[in-house]
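Novice: build the 3D model from these lines:
(one chain, ligands or ions: 1)
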Amino acid sequence: LINTNDLIKDQCCDLTYKDINILNGKIRSKVHDLVNEDYFKHYQFQLDMECPFFECQSICFSPGCQLDLDVHSDSYNYDDNNGDIDNNQNLGNLNQDSFLDDLCFKDNNNSNDLENWCDLIDNKGVIIDISKNPERFTGYLPTPERNIWGMIYQNQLEGECKIEQEVFYDIISGFHSSVSTHLSNEYFNNETNNWEPNLNLFKFKVGNHSERISNIYFNYSILLKSIFKIYPYLQKYQLNQFAPSNDLILKKKIKSLINEFPNNYKIFDENLMFTSNLIKDEFKLKFKNVTRLMDCVTCDRCRLWGKIQSTGYATALKILFDDNNPKLLQNLQKIEIQSLFNTFDRLTKSIESIQKFNELDNNLEDIN
Ligand code: FAD
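Specialist: So this is what the prediction gives:
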């Protein structure tokens with residue numbers, strides 16, 4: 001369905017699908033290795049986060065939704081305290097049908113904060129080892145009236161801003177496709193009692209819809225560009241304040257990754273967007289709603305990965321579109337840096353899985 005020599009998106013990306021496939025082959029193991037460092041895998045997460053939009057009546061009891069809370073750090077204390085924003089807000093039970101409209105421009109503590117593209121929790125929650133809680137099939141099946149993806153798709157930009165509307169939709173759809181790819185790739189097969197790829201599920205959710213595949217590649221190019229752009233700032237960050245030797249290791253690994261990035265392409269041209277600040281502010285508020293909706297996901301493991309990735313995209317957007325304010329980029333919080341790289345890891349894994357599913361499909365076709 002997709003010609004790999006095509007550009008991922010006309011106008012704003014000069015990368016083809018093939019370029020990304022080749023790049024991904026070179027960097028996938030480096031990214032995976034990086035996010036398995038304690039700094040990236042020990043992630044602060046609020047277990048008892050409340051949905052700010054409505055009362056969540058059902059909790060997911062599927063064993064797949066539960067989290068392994070055991071954290072072990074080998075050599076150093078990874079805990080740190082950056083900033084002190086209080087985000088423990090509860091907006092109460094809004095009218096279910098209009099909650100998104102109400103919330104978008106509601107005057108609450110954080111919607112006025114136009115520096116961030118998401119709500120950042122700080123000094124709250126427990127530290128979770130995300131490598132022990134892989135993103136995979138959980139059995140979480142939202143009811144139609146509480147389908148968070150559906151609610152996210154309702155939360156679109158309005159008015160005459162075609163490019164921004166398209167980019168907003170594509171980012172969400174690419175995020176959704178990536179989650180669907182992981183849950184199809186690591187699917188629990190009740191017959192064999194094994195975790196294994198489920199080709200039919202992948203085709204149903206992602207593979208049969210070329211635009212969903214395309215949106216994963218689009219998100220990849222956005223993350224690629226944002227990591228490229230934040231790199232000079234990262235070199236000046238003290239990533240691990242408690243272990244200078246580990247700080248050096250992390251920076252070396254990031255450098256080795258960046259060295260593989262293409263520098264002769266227009267990876268993603270962010271200057272095409274936001275000719276007006278009003279559109280940018282609306283985009284920011286709507287994206288913040290997406291990150292808040294993650295707290296309405298009643299499956300803990302899904303919520304963890306939803307939070308990581310929505311925060312990762314929010315951080316990428318901040319890096320791409322707030323570069324006129326270097327102070328913001330100099331002061332990213334640890335959770336933003338962790339989320340950014342872990343989201344990129346998810347996308348590199350998605351591209352790898354898509355290629356494996358393609359091979360599996362071709363092999364089956366050959367047999368038949
Ligand atoms: P859904 O995937 O819920 O999609 C709803 C509708 O959206 C579809 O019917 C289709 O019309 C449309 N749609 C589907 N994909 C796209 C796309 N890419 N772009 C545009 N439109 C689309 N389940 C797990 O097993 N493991 C997880 O880790 C996990 N994490 C989740 C994280 C979040 C934030 C959320 C909201 C859900 C998560 N889930 C997870 C649940 C999973 O995503 C599905 O909701 C669930 O499997 C039910 O799938 P479905 O086929 O009913 O449609």
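Novice: how about the host helix or strand of residue 211: buried residues?
Specialist: Following DSSP states H and E, one finds residue 211 within helix 210-234. Neighbour counts using 16 or more other CB atoms under 10 Å place 212-230, 233-234 of helix 210-234 among the buried residues. For glycine as for every other residue, the C-beta is placed from the backbone atoms N, C-alpha and C.
Novice: so residue 43 sits in a strand?
Specialist: Yes - Residue 43: assigned to a strand according to DSSP: H, G, I helix; E, B strand; the rest coil.
Novice: show me the beta-bridge partners of it.
Specialist: Note on residue 43: beta-bridge partners residue 128, judged by DSSP bridges.
Novice: against residue 321, how distant is it?
Specialist: 25 Å (CB to CB, to the nearest Å).
Novice: which one's more surrounded, these two?
Specialist: Taking other CB atoms under 10 Å, residue 43 and residue 321 do not tie; residue 43 has more neighbours (24 against 18).
Novice: the strand or helix carrying residue 280: what's the following helix or strand?
Specialist: According to DSSP H and E, residue 280 maps onto helix 277-293. Downstream of helix 277-293, the next assigned helix or strand under DSSP H and E is helix 300-321.
Novice: and that next one, does that touch the ligand?
Specialist: Yes - counting by CB under 6 Å from any ligand atom, the ligand has neighbours in helix 300-321: 301, 302, 305, 306.
Novice: residue 249 contacts residue 37, correct?
Specialist: Yes - with contact defined as CB atoms under 8 Å, residue 249 counts as touching residue 37 (7.5 Å).
Novice: find residues that contact each of the two.
Specialist: Here residue 249 and residue 37 have no joint contacts, going by CB atoms under 8 Å, 6 or more residues apart in numbering.
Novice: in a helix, residue 70, correct?
Specialist: No - membership of residue 70 in a helix is not supported by three-state DSSP, which gives coil.
Novice: which residues touch it?
Specialist: 129, 132.
Novice: mind checking pLDDT for it?
Specialist: With respect to pLDDT, residue 70 scores 81.
Novice: and the gap between it and residue 133?
Specialist: 10 Å.
Novice: which helix in the chain runs the most residues?
Specialist: The longest helix of the chain (DSSP state H) is helix 334-367.
Novice: quick check: angle from that one to helix 300-321?
Specialist: Here the directions of helix 334-367 and helix 300-321 differ by 110 degrees (axes from the mean of the first three to the mean of the last three CA atoms, to 10 degrees).
Novice: and helix 334-367, does that touch the ligand?
Specialist: No - for a cut-off given as CB under 6 Å from any ligand atom, helix 334-367 has no contacts with the ligand; the smallest distance is 10.2 Å.
Novice: and if you look at stretch 41-53?
Specialist: No - residues of stretch 41-53 are not located near the ligand by CB under 6 Å from any ligand atom, the shortest gap being 11.9 Å.
Novice: what residues sit buried inside that stretch?
Specialist: Buried residues in stretch 41-53, counting neighbours by 16+ other CB under 10 Å, are found at 41, 42, 43, 44, 45, 46, 49, 51, 52, 53.
Novice: could I get the residues you listed as CSV with pLDDT?
Specialist: Shown next, in CSV, are these (pLDDT from 0 to 100):
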residue, pLDDT
41, 96
42, 95
43, 95
44, 93
45, 93
46, 90
49, 73
51, 89
52, 87
53, 86
